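Q: build me a model from this:
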Amino acid sequence: MERIVRRVADGGFSFFELLLDENLCSGTVWVDTELVKELGGVNTYLAAKQKYELLLRAALDVNVELYEGEKDDRQYVALLDDEPDKLIAAGWKTDCYVIGKYSELLREHELFNLCLQAVIKEAQEVERLNKTLLYLEQMIGRTGKYWQIDEGAEPILIYCEGRIECDVLNTFSKQLGLALEQMGKKVILYDCKEMDMNQWMDLCMGQHFQAVIGMQSAVFSEKADRVCGKYLHDYVHGPKFNYIFDHPVMMHKYLEYSADDFYLLLHDAGHMAFAEKYLKKRSWLMPLAGIKSAGGMHEEDRCYDITFIGIYGDYRKEVRIIHQMNRRLRFIANRFLLKMRRNTNLTAEQALTETLAERGIYPLEQEFLELLYELRVVISCVMHYYRDRVIHVLLESGLCLDVFGESWQNCPLRRYSNLRCHPAVTVQESISVWQKSKLSVNIMSWHKSGFTERMAQIMLEKAVLITDTTAYLDKNYGDRDLLAFQLEKIDSLPGQIHKLLADTALRKEIAENGWQKTIRQHTWDIRAAQFLEILHSRMEAV
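A: Predicted coordinates for the structure are as follows:
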């Protein structure tokens with residue numbers, strides 16, 4: 001038999017009964033995950049008495065009772081008693097927080113002074129009076145410290161972009177939101193495309209959130225008043241995160257928002273270093289993830305030998321754009337492009353720095369940032385050049401390659417009969433393609449330390465991932481987990497692929513190894529847990 005919290009039509013324990021007698025919830029208590037989510041989740045920003053504080057919210061918001069029985073088939077969260085040392089060290093802080101949070105209600109029922117005296121008496125007994133009085137003042141006065149704690153029980157707001165071309169970004173929003181909900185967090189998904197200012201203001205203006213997350217979103221750069229320069233999100237309380245997937249310089253104009261509580265989430269360690277140096281933004285590494293899959297497609301159902309899902313991207317058009325630049329920019333751009341082509345291990349900023357230094361040019365950080373932004377087409381150009389070269393080498397060797405998307409229909413590589421073009425696919429359709437693939441190719445968008453959702457999803461569907469290597473892969477995966485290659489050595493790639501297609505046992509072993517590592521490291525529930533750790537680390541640093 002277990003102690004379970006359940007809703008009741010009426011009755012149950014009251015807020016004041018629990019407030020005055022914490023022993024009512026002693027021992028392990030099981031709470032329906034849906035109820036926990038509805039209440040805003042367990043406030044893990046409290047170092048002790050998390051169970052007590054959650055049940056106070058439950059007793060105030062809905063009718064609940066504690067009963068002895070067996071859990072049904074719903075999902076439950078187990079709430080445990082605190083370790084004695086933790087309770088002694090931090091339990092009093094939760095008591096102060098509760099007094100601050102419910103001060104008006106306590107005064108209304110003439111219990112405020114009683115609760116205050118109890119906390120002060122305990123503080124005197126353990127010689128902690130001055131510290132307790134200061135903390136009480138912060139909680140009752142609802143200073144910034146109070147809100148930092150209280151936001152731990154507020155919803156997490158995640159923006160969706162709402163456009164068809166943002167199908168991938170919407171998938172990220174929804175998958176991260178779903179994973180956070182499964183962990184007992186209350187999540188609000190908000191469609192930016194349908195953004196009605198009055199509706200948004202009702203939902204967000206002056207409100208507190210545990211976090212606000214955008215997926216490569218421009219919403220944080222929206223200004224509320226173009227005269228005084230205030231941004232919309234200056235009026236939204238709680239930490240804000242923009243999850244960026246391209247090189248941050250590509251989003252440079254959308255990352256000018258610089259509030260103290262605005263941060264970046266990045267999948268590439270090199271992008272982190274760039275963002276902190278040139279954009280002055282604090283950031284966290286959060287590699288992308290895939291949708292959890294058993295990868296159980298039978299061998300006979302894998303009808304594609306090799307697939308590639310992604311745009312073609314004609315680098316020749318980008319070369320023409322470079323040639324149309326003014327003389328000074330064109331000179332730098334051509335040498336920048338040559339530097340990247342010959343040094344495929346360099347990041348874009350490293351390549352530009354070396355290009356400029358060779359000519360005795362040492363710009364200030366802001367000047368460098370603006371120049372790299374002006375030359376961003378060079379990054380796209382070299383990335384599309386190597387995408388063309390990799391696919392060309394595979395086709396030239398006689399390998400059949402199935403590609404998806406309209407950009408392939410009229411590309412120069414159509415001259416190869418072994419390039420089989422298919423219509424564009426959605427995220428869900430992409431998963432189906434990878435389930436039917438023996439091997440699938442990924443070519444990084446010049447992310448030299450990154451890990452993307454395409455890489456994760458290919459391995460989660462137990463297709464062998466073929467990708468140019470990154471520092472992240474070198475650290476976390478081996479040559480028995482995937483097939484990694486270097487861009488400057490692509491001539492050896494066809495032979496390696498032919499070997500895998502001929503050796504079913506080896507290919508299936510590599511696919512299984514890749515799946516095993518990825519299911520442990522790169523699913524959205526793991527990212528949700530990582531994000532909550534990021535929130536905690538931020539709290540501890542405040």
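
Q: I'd guessed residue 536 sits against residue 44; true?
A: Yes: when contacts are counted by C-beta atoms under 8 Å, residue 536 is listed as touching residue 44 (6.8 Å). (Glycine included, C-beta is placed from N, CA and C.)

Q: for the two, indicate the residue with more neighbours.
A: residue 44 (16 against 13; other C-beta atoms under 10 Å).

Q: hang on, that one packs against residue 532?
A: Yes: in this structure, residue 44 is within contact of residue 532 by C-beta under 8 Å, at 7.3 Å.

Q: low-scoring stretches of the stretch 351-500 of the chain, by residue?
A: Of all residues in the stretch 351-500 of the chain, none has pLDDT under 70.

Q: pretty sure residue 42 is in a strand, no?
A: No: under the criterion used here (DSSP: H, G, I helix; E, B strand; the rest coil), residue 42 is coil, not part of a strand.

Q: in the stretch 401-542 of the chain, which spans are strands?
A: 401-404, 419-422, 437-442, 464-468, 483-485 (DSSP state E, counting those that start in this stretch).

Q: please enumerate the helices of the stretch 301-450 of the chain.
A: 315-323, 327-342, 348-357, 365-374, 376-396, 427-435 (DSSP state H, counting those that start in this stretch).

Q: what's the burial count for residue 245?
A: For residue 245, using other C-beta under 10 Å, the count is 23.

Q: give me the distance between it and residue 147.
A: 31 Å (C-beta to C-beta, to the nearest Å).

Q: same check on residue 450?
A: For residue 450 relative to residue 147 (C-beta to C-beta), the value is 35 Å.

Q: next one: residue 419
A: Taken as C-beta to C-beta, the span from residue 419 to residue 147 is 57 Å.

Q: cool, residue 102 as well?
A: 15 Å.

Q: more neighbours: which of those two?
A: Legend: neighbour count by other C-beta under 10 Å for residue 102 and residue 147, higher for residue 102 (20 against 13).

Q: how about the more buried one, phi and psi?
A: phi -110, psi 30 (degrees, to the nearest 10).

Q: cool, residue 68 as well?
A: According to degrees, to the nearest 10, residue 68 has phi -90, psi 130.

Q: so what's it up against?
A: Applying C-beta atoms under 8 Å, 6 or more residues apart in numbering, we find residue 68 in contact with 1-4.

Q: find me the pLDDT at it, would you?
A: You'll see residue 68 listed with a pLDDT of 89.

Q: what's the answer for residue 229, then?
A: 68.

Q: same question for residue 537.
A: 88.

Q: quick one: it from residue 214, how far?
A: 20 Å.

Q: same question for residue 417.
A: Taken as C-beta to C-beta, the span from residue 417 to residue 214 is 44 Å.

Q: looking at these two, which one has more neighbours?
A: residue 214 (26 against 8).

Q: how about that one, what does it touch?
A: 158-159, 220, 240-243.

Q: let's see 10 Å
A: Residue 214 sits next to 157-161, 169, 173, 190, 192, 220-221, 233, 240-244, 254, 265 when contact means C-beta atoms under 10 Å, 6 or more residues apart in numbering.

Q: what helix or strand is it on?
A: Using DSSP states H and E, residue 214 maps to strand 211-215.

Q: what strands line up against that strand, and which way round?
A: strand 156-160 (parallel), strand 240-244 (parallel) (DSSP bridges).

Q: for the next helix or strand after the last one, packing partners?
A: Read that as strand 240-244. With elements assigned by DSSP H and E, the helix or strand that comes after strand 240-244 is strand 262-266. Applying 3 or more C-beta pairs under 10 Å, 6 or more residues apart in numbering; DSSP states H and E, we find strand 262-266 packed against strand 211-215, strand 240-244, helix 269-278, strand 283-285, helix 524-541.

Q: please name the strands paired to strand 262-266 in the sheet, noting orientation.
A: Short version: by DSSP bridges, strand 262-266 pairs with strand 240-244 (parallel), strand 283-285 (parallel).

Q: run the angle between it and helix 269-278 for me.
A: Put simply, strand 262-266 runs at 150 degrees to helix 269-278, going by axes from the mean of the first three to the mean of the last three C-alpha atoms, to 10 degrees.

Q: burial of residue 62, as a residue count?
A: Quick note: residue 62 (other C-beta under 10 Å) scores 14 neighbours.

Q: distance check, it against residue 150.
A: From residue 62 to residue 150 the distance is 19 Å (C-beta to C-beta).

Q: and if you look at residue 529?
A: 22 Å.

Q: those two: which is more packed in?
A: residue 150 (22 against 14).

Q: could you name the helices and strands sitting against the host helix or strand of that one?
A: Assigned by DSSP H and E, residue 150 belongs to helix 144-150. Identification of packing neighbours for helix 144-150 by 3+ C-beta pairs under 10 Å, 6+ apart yields helix 84-101, helix 129-140, helix 524-541.

Q: any idea of the mean pLDDT in the first one?
A: For helix 84-101, the per-residue pLDDT values average out at 96.

Q: now for it, which elements pack on it?
A: helix 15-20, helix 50-61, helix 103-108, helix 112-125, helix 129-140, helix 144-150.

Q: which of these sits closest to residue 196?
A: Closest of those to residue 196 is helix 144-150, at 26.9 Å (criterion: C-beta to C-beta).

Q: how much space between residue 73 and residue 502?
A: In terms of C-beta to C-beta, residue 73 sits 48 Å off from residue 502.

Q: of these two, which one has the most company?
A: Taking other C-beta under 10 Å, residue 73 and residue 502 do not tie; residue 502 has more neighbours (9 against 5).

Q: separation between the more buried one and residue 395?
A: Counting by C-beta to C-beta, the gap from residue 502 to residue 395 is 19 Å.

Q: how about the strands paired with strand 211-215, which one is nearest residue 138?
A: strand 240-244 (23.3 Å).

Q: distance-wise, check residue 130 relative to residue 432.
A: 64 Å.

Q: and these two? Which one has more around it.
A: residue 432 (13 against 9).

Q: the more buried one against residue 422, yeah?
A: No: applying C-beta atoms under 10 Å as the test, residue 432 and residue 422 come out as separate, 11.7 Å apart.

Q: in CSV: the helices and strands packed on strand 262-266, plus distance to residue 471.
A: Putting the helices and strands packed on strand 262-266 into CSV (distance: least, C-beta to C-beta, whole Å) gives the following:
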stretch, distance to residue 471
strand 211-215, 24
strand 240-244, 18
helix 269-278, 7
strand 283-285, 11
helix 524-541, 19
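
Q: which one of these lies closest to residue 86?
A: helix 524-541 (15.1 Å).

Q: hang on, isn't residue 49 packed against residue 94?
A: Yes: in this structure, residue 49 is within contact of residue 94 by C-beta under 10 Å, at 3.9 Å.
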